[in-house]
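S.K.: sequence and predicted structure, then a few things I'm wondering about:
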Amino acid sequence: MKPAVNVETFLACDKPYAKADTVLFGAPFDSTTSFRPGARFGSSAIRHESYGAETFSPYQEKDLEDINVCDIGDNELCYGSAEKALKDIEKLASRILSDGKKPFMLGGEHLVTLGAVRAALKKYPGLHIIHFDAHADLRNDYLGAKLSHACVIRRCHELVGDGRIHQFCIRSGLREEFAFARAHTDFHPFGFAGLEKTVQALKASGAPVYFTVDLDCLDPSVFPGTGTPEAGGVSFSKLLGAVLKVCKANIVAADVTELAPMLDAAGASTAAACKIVREMLLAMN
């Protein structure tokens, strides 16, 4: 008798890689987390807890059983080197993109976005980024480190330049970060005002879009399981509505980051993350 092999995937995301339109993978990295660690366990928790959710979305009248998504598991990353981890993420995302598929990454802390953005930008030089977050993530450095989850959007700005990063829900950051955002990004603090107009403009232009969702954009009363909670966030229903709007654009890659499951013993944060991932996958396909 052969030993059993437990291959855990997100819901019905078990289609063969060759047939997949979207490829799900985990980036279990949180070595630059500035407050409470634990996001490295986010991707595995989302997979495991997804068994408590349905494949069918009543919001969209769609079912994960009917789309081609392949979950290839977690990327093994070097916890001791942020740059090495980013290079490994970039390499994997580049392979997925070169195979004509969309990478969908489960974090992990928000720095992991930089590796996937580097890959997407190589294939799509006109890339735009839509960024949902509680934090601006526009510091030039954090305690001298330029590779930090507190600096990830600043590093992305260095790649794509002015006017191609669209930020929503931001409610925390240094004075300098807010000044930088107002001067260099399409900045919409505190909520989703202006999102419809932004999406319509991107859709009309056909611009390729990288969509990154830091789940701490949710209010901590809804989503306490994150490393840097910030009061004053949006509700789950507001986030869901915004996600569905964004996915009308030409999304070429996406991620969901900053779930730290052990910081919410009740599991409500992981359940919320599972539902957002399900809805994004369905809306992108």
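M.R.: Perfect, thanks for sending it. Residues are numbered from 1 along each chain as shown.
S.K.: look at the closest residue to D264 other than its chain neighbours and tell me its secondary structure.
M.R.: Distance criterion CB to CB, 6 or more residues apart in numbering; nearest residue to D264, sequence neighbours excluded, is G225 at 3.1 Å. In this view, the C-beta of every residue, glycine as well, is placed from N, C-alpha and C. Under DSSP: H, G, I helix; E, B strand; the rest coil, G225 falls in the coil class.
S.K.: mind checking how far G225 is from G267?
M.R.: According to CB to CB, to the nearest Å, G225 stands 8 Å off from G267.
S.K.: what sits against Y17?
M.R.: Counting by CB atoms under 8 Å, 6 or more residues apart in numbering, Y17 touches 23, 70, 72.
S.K.: how far off centre is stretch 171-180?
M.R.: The chain centre lies 21 Å from the centre of stretch 171-180; the measure is CA atoms, centre = their mean, to the nearest Å.
S.K.: stretch 205-218 now?
M.R.: Put simply, stretch 205-218 sits 7 Å off its chain's centre (CA atoms, centre = their mean).
S.K.: now the helices: where do they sit in the stretch 151-285 of the chain?
M.R.: Assigned by DSSP state H, counting those that start in this stretch, the helices in the stretch 151-285 of the chain fall at 152-160, 175-184, 195-205, 236-246, 268-284.
S.K.: and G80, how far is that from T113?
M.R.: Using CB to CB, G80 is found at 20 Å from T113.
S.K.: tell me which of the two has more neighbours.
M.R.: T113 (31 against 8; other CB atoms under 10 Å).
S.K.: can you tell me the element the more buried one falls in?
M.R.: Using DSSP states H and E, T113 sits in helix 112-123.
S.K.: what's the next secondary structure element after that helix?
M.R.: Past helix 112-123, the next helix or strand by DSSP H and E is strand 128-132.
S.K.: alpha carbons of that following strand, in CSV - could you do that?
M.R.: What follows is strand 128-132, C-alpha atoms only, in CSV (Å, rounded to 0.1, in the frame of the first residue of the first chain):
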residue,chain,number,x,y,z
HIS,A,128,-0.9,50.2,-13.9
ILE,A,129,-1.3,49.1,-10.2
ILE,A,130,-4.5,49.4,-8.2
HIS,A,131,-3.7,49.3,-4.5
PHE,A,132,-6.1,48.7,-1.6
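S.K.: packing partners for that strand?
M.R.: The contact analysis (3 or more CB pairs under 8 Å, 6 or more residues apart in numbering; DSSP states H and E) places strand 128-132 against helix 152-160, strand 165-168, helix 195-205, strand 208-214, helix 236-246.
S.K.: can you redo the ones you listed as a markdown table with mean neighbour count?
M.R.: Output for the helices and strands packed on strand 128-132, formatted as a markdown table (neighbours: other CB atoms under 10 Å):
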| stretch | mean neighbour count |
| --- | --- |
| helix 152-160 | 21 |
| strand 165-168 | 24 |
| helix 195-205 | 15 |
| strand 208-214 | 25 |
| helix 236-246 | 18 |
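S.K.: reformat these as a markdown table; add mean pLDDT and distance to G52.
M.R.: Below are those laid out as a markdown table (pLDDT from 0 to 100; distance: least, CB to CB, whole Å):
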| stretch | mean pLDDT | distance to G52 |
| --- | --- | --- |
| helix 152-160 | 98 | 30 |
| strand 165-168 | 98 | 29 |
| helix 195-205 | 97 | 30 |
| strand 208-214 | 98 | 21 |
| helix 236-246 | 98 | 16 |
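S.K.: columns distance to K62 on top of these, output as JSON lines?
M.R.: Below are these laid out as JSON lines (distance: least, CB to CB, whole Å):
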{"stretch": "helix 152-160", "distance to K62": "30"}
{"stretch": "strand 165-168", "distance to K62": "24"}
{"stretch": "helix 195-205", "distance to K62": "19"}
{"stretch": "strand 208-214", "distance to K62": "18"}
{"stretch": "helix 236-246", "distance to K62": "11"}
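S.K.: of all the ones you listed, which one is nearest A119?
M.R.: With CB to CB as the measure, strand 208-214 is the member of the helices and strands packed on strand 128-132 nearest A119 (9.6 Å).
S.K.: with that, I have no additional questions.
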